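> Whatever this is, show me its structure:
(one chain, ligands or ions: 1)
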Amino acid sequence: MRYDAVVVGAGFAGMYMLHKLRGLGLSVRVFETGDGVGGTWYWNRYPGARCDVESMEYSYSFDEELQQEWEWTQRYPSQPEILRYANHVADRFDLRRDIQFETRVTGAGYDETANLWRVRTDRGEHEARYLITAVGCLSAARIPDFPGVGAFRGPSYHTGRWPHEGVDFAGQRVAVIGTGSSGIQAIPVIAAQAEHVTVFQRTANYSLPAWNRPMEPEYAQWVKANYPEIRTTMRTSVNGVMSTFNETSALEVTEEDRRREFETRWAKGGASFLGAYGDIAINPDANELTAEFVRAKIRETVTDPRVAELLAPKDHPIGTKRICIDTDYYATYNRPNVTLVDVRAAPIEEITASGVRTADAEYTADMIVYATGYDAMTGPLLGIDITGKGGLSLRRKWEAGPRTYLGLMTAGFPNMFTITGPGSPSVLSNMIVSIEQHVDWIAGCLERLRADGVATIDADPAAEDAWVEHVNEVAGRTLYMRANSWYLGANIPGKPRVFMPYVGGVGAYRSRCDQITADGYPGFVLS
Ligand code: N01
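Residues are numbered from 1 along each chain as shown. Model prediction:
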């Protein structure tokens, strides 16, 4: 079949892109691997899965009635609630009739002569003028290639591919590998049900309390009444959220003032703790003071000093790996049925038929939960065999790391757009804010091209080089380069070490994109 546009993925990006393109009168087909909408929130059904952005801010802003009618029940939305919201949006805007579920896009090739994308799926081929990827940044789930992964006798689950029917942990000895955001959310919930949980930690992570609670109706009402200003604040902020960012240096204030500020933000809960001072992300001394406050909280909470020391992160500055937001994570290690294993000291050597064997012991388990993360940002795109002009493959082009102009296009792949692609704020922001910005920008661009009779848009290689350099340069001014994070691809053996998201802030980035539109798309080649 031939469409004006093919969109890959029916998560929050793909759903809104479909809605916008329909509004332009374009014919659109969305292909989605899963059998429902929701993307991340469709796949991540692990116990305790919850967004780390507050409900009132983690929602679409494009439709006034939608944002007024939907009622969030908790401060931080749980996965089931977000999935209900995604389904509500799909119903409300009648999106499903243009989404083909249970269909994986396997490849796409640009046909230069016809100026068309030929899109291959596991259920047939299609053509489109525009190819728009809405594949998510954290959707290529990854289990490390431990020897013997397939030999384990019991069931094993990756957090990002959780069974829809759920998992009963009662009476089970559960091994959990990984202590990133997913592990940190899942471990307390699993520990409350299982007979025993053995947590395999390679790197201790900083986690802040969520203090999740039922939504206060007065607060929800206040936000709804003030949505126009609140959404503007979010769109022009650093991270796409409402919380306040203090500009002062952590080093300019007295110890007492600093403690008070940290305590206030800790008591408030959530990631706004990292906004306590303006130099936490750039000054090692300011960062260390912040990190030490969190370590002290861990030591206060965890009763066994040896376990507390293992849980207190020391090998990377706070905030340089994605900050975790938890409910009862550290206190869970005070339970008699939870054991922490340090796999930095004694790495996992093998998954055996009966459990996990490290360099110094074997741990028996009935189930294994892999909370081992994703091939982030590039993984979902390179999982599709995409070829551009002259048969250039994206895998080849990005061999040494992703190269994009603004995270929106990559030179040599005309009429292909990447929503929240590498080189854009994406994972460093409230994803829905960044998704809406990209979708609006792309829709505006397509409308303009049509009005001007332009058939093709591509990134100019020189503009792309300059953008990649800028992305690296801004990241280089921060402490982000000091952590072995998935932002840098460090979690995947052999992946090039390149800082992938744009750290310049969503407000500044939006202004830049808007200026480019106003100036007639400098840095793009229109033909
Ligand atoms: O994945 P991760 P995640 N041997 O990559 C360990 C978002 N998210 O799914 O740090 C032993 O962070 C690995 O160890 P190390 C959020 O952006 C958001 O938890 O590489 N261990 C690490 O501990 C987040 O950042 C929400 O040394 C191994 C863990 O597995 C992103 O998704 C909730 C290993 C992987 O952590 C990814 O989070 C969930 C090995 N060979 C996720 N390989 C919210 O909104 C890996 N590990 C709250």
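> who in this structure is up against the ligand?
Applying CB under 6 Å from any ligand atom, we find that the chain lies next to the ligand at 50-52, 138, 144, 159, 177-183, 185, 200, 202-203, 322, 325, 343, 348, 371-374, 427, 486, 491. Every residue, glycine included, has its C-beta placed from N, CA and C.
> Minimum distance to the ligand, which residue of the stretch 51-200 of the chain gives it?
The minimum distance from the stretch 51-200 of the chain to the ligand, using CB to the nearest ligand atom, falls at G180 (2.3 Å).
> List the contacts of that residue.
Contact partners of G180, counting by CB atoms under 8 Å, 6 or more residues apart in numbering, are N205, K321, R322, C324, A371, G373.
> how much space between it and A371?
For G180, the distance to A371 (CB to CB, to the nearest Å) stands at 6 Å.
> Isn't G9 up against V37?
No: using CB atoms under 8 Å as the test, G9 is too far from V37 to be in contact (9.8 Å).
> Mind telling me what element the residue lying closest to Y206 once chain neighbours are set aside is part of?
Nearest non-adjacent residue to Y206, counting by CB to CB, 6 or more residues apart in numbering: I318, 4.8 Å away. Assigned by DSSP states H and E, I318 falls within no helix or strand.
> repeat for the one 3 residues further on
K321 is part of no helix or strand when elements are defined by DSSP H and E.
> Same question for E473.
helix 461-476.
> Tell me which helix or strand comes right after that helix.
Following helix 461-476 in sequence, per DSSP H and E, is helix 506-518.
> how about the CA coordinates for that following helix, as CSV?
The C-alpha trace of helix 506-518 is given here as CSV (Å, rounded to 0.1, in the frame of the first residue of the first chain):
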residue,chain,number,x,y,z
VAL,A,506,14.5,21.8,26.3
GLY,A,507,13.8,25.5,26.4
ALA,A,508,17.0,26.5,24.5
TYR,A,509,16.6,23.6,22.1
ARG,A,510,13.0,24.6,21.3
SER,A,511,14.0,28.2,20.6
ARG,A,512,16.7,27.0,18.3
CYS,A,513,14.2,24.7,16.4
ASP,A,514,11.6,27.5,16.2
GLN,A,515,14.2,29.9,14.9
ILE,A,516,15.2,27.5,12.2
THR,A,517,11.6,27.2,11.1
ALA,A,518,11.2,31.0,11.1
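> Now for the residue lying closest to P77 once chain neighbours are set aside: which residues touch it?
Closest residue to P77 apart from its sequence neighbours, by CB to CB, 6+ apart: S55 at 4.3 Å. If you count contacts by CB under 8 Å, 6+ apart, S55 has them with W72, Q74, R75, Y76, P77, E81, M215.
> ok, S55 to G507 distance?
For S55, the distance to G507 - CB to CB - is 22 Å.
> Likewise for L340?
Counting by CB to CB - L340 and G507 are separated by 40 Å.
> Can you pick out the residue with more neighbours from the two?
L340 (22 against 19; other CB atoms under 10 Å).
> List the residues that contact that one.
Taking CB under 8 Å, 6+ apart, we find L340 in contact with V199, Q201, V307, L310, L311, Y333.
> repeat for C324
Applying CB under 8 Å, 6+ apart, the residues contacting C324 are D52, G180, S181, I184, Q185, N205, Y206, S207, L208.
> 10 Å instead, please
52, 179-185, 205-208, 210, 271 (CB atoms under 10 Å, 6 or more residues apart in numbering).
> can you list the residues you listed in a markdown table and add distance to W441?
Shown next, in a markdown table, are the contacts of C324 (distance: CB to CB, whole Å):
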| residue | distance to W441 |
| --- | --- |
| D52 | 25 |
| T179 | 36 |
| G180 | 30 |
| S181 | 28 |
| S182 | 30 |
| G183 | 35 |
| I184 | 34 |
| Q185 | 32 |
| N205 | 33 |
| Y206 | 33 |
| S207 | 34 |
| L208 | 32 |
| A210 | 32 |
| A271 | 26 |
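> Tell me which of those residues fall in strands.
S207, L208 (DSSP state E).
> tell me which of the contacts of C324 is nearest to T236?
Of all the contacts of C324, T236 sits closest to A271, with 18.0 Å by CB to CB.
> Give the full set of residues in contact with the closest one.
A271 sits next to 52-54, 208, 210, 239, 241, 243, 265, 319, 322-325, 430 when contact means CB under 10 Å, 6+ apart.
> Let's see that with 6 Å instead.
I323 (CB atoms under 6 Å, 6 or more residues apart in numbering).
> next one: the one 5 residues further on
By CB under 6 Å, 6+ apart, the contact set of A276 is N246, E261, F262, R265.
> Take those residues and write them to CSV, including distance to R97, secondary structure and pLDDT.
Below are the contacts of A276 laid out as CSV (distance: CB to CB, whole Å; DSSP: H, G, I helix; E, B strand; the rest coil; pLDDT from 0 to 100):
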residue, distance to R97, secondary structure, pLDDT
N246, 48, coil, 91
E261, 52, helix, 97
F262, 51, helix, 98
R265, 46, helix, 97
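> Turn those residues into TSV, columns for distance to G124.
Formatted as TSV, the contacts of A276 follow (distance: CB to CB, whole Å):
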residue	distance to G124
N246	54
E261	58
F262	56
R265	53
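> nearest to the ligand, of those?
Nearest to the ligand among the contacts of A276 is R265, at 17.8 Å by CB to the nearest ligand atom.
> Next, count neighbours for the nearest residue to that closest one once chain neighbours are set aside.
Of all residues not flanking R265 in the chain, F273 sits nearest, at 4.3 Å (CB to CB, 6+ apart). F273: 26 surrounding residues under other CB under 10 Å.
> what is the mean pLDDT for the biggest helix by length in the chain?
The longest helix of the chain (DSSP state H) is helix 431-452. The pLDDT scores in helix 431-452 average 98.
> and if you look at stretch 128-137?
Over the span of stretch 128-137, the pLDDT mean works out to 98.
> what's in contact with that stretch?
3-9, 11, 13-14, 17, 39-40, 108, 117, 376-377, 380, 415-420, 426-427.
> ok, now with 7 Å
The contact list for stretch 128-137 (CB atoms under 7 Å, 6 or more residues apart in numbering) reads 3-9, 11, 13-14, 17, 39-40, 108, 116-117, 119, 376-377, 380-381, 415-420, 426-427, 442, 446.
> Kindly report the same for stretch 109-126.
Residues from elsewhere that reach stretch 109-126 (CB under 7 Å, 6+ apart): 1, 3, 6, 29, 31, 103-108, 127-129, 131, 387-389, 413-416, 455-456.
> Those in strands, which ones?
When DSSP E is applied, the contacts of stretch 109-126 are split such that 3, 6, 29, 31, 105-108, 127-129, 131, 387, 416 fall in strands.
> which of the residues you listed tops the neighbour count?
Counting by other CB under 10 Å, top hit in the ones in strands among the contacts of stretch 109-126: V6 with 28 neighbours.
> check contacts around G148.
When contacts are counted by CB under 7 Å, 6+ apart, G148 touches E350, I351, T352.
> Of the residues you listed, which is the most crowded?
Neighbour-wise, these (other CB under 10 Å) top out at I351, 24 neighbours.
> Tell me how far the residue nearest to it when sequence neighbours are not counted lies from Q172.
Among residues not flanking I351 along the chain, G148 sits closest, at 4.3 Å (CB to CB, 6+ apart). Separation of G148 from Q172 (CB to CB): 20 Å.
> count of neighbours near D285?
For D285, the neighbour count with other CB under 10 Å is 11.
> just R153 next, same as before
11.
> then stretch 253-272 to CSV, C-alphas only?
Included here for stretch 253-272 are C-alpha records, laid out as CSV according to Å, rounded to 0.1, in the frame of the first residue of the first chain:
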residue,chain,number,x,y,z
VAL,A,253,26.1,29.0,50.6
THR,A,254,26.8,28.0,54.2
GLU,A,255,26.7,24.4,55.2
GLU,A,256,23.6,25.0,57.2
ASP,A,257,21.8,26.6,54.3
ARG,A,258,22.8,23.8,52.0
ARG,A,259,21.6,21.2,54.5
ARG,A,260,18.2,23.0,54.8
GLU,A,261,17.8,23.2,51.0
PHE,A,262,18.7,19.5,50.5
GLU,A,263,16.4,18.4,53.3
THR,A,264,13.5,20.5,51.9
ARG,A,265,13.9,19.0,48.5
TRP,A,266,14.4,15.5,49.9
ALA,A,267,11.2,15.9,51.9
LYS,A,268,9.4,17.0,48.7
GLY,A,269,10.6,14.0,46.8
GLY,A,270,11.4,13.3,43.2
ALA,A,271,14.1,14.6,40.9
SER,A,272,13.7,18.2,41.7
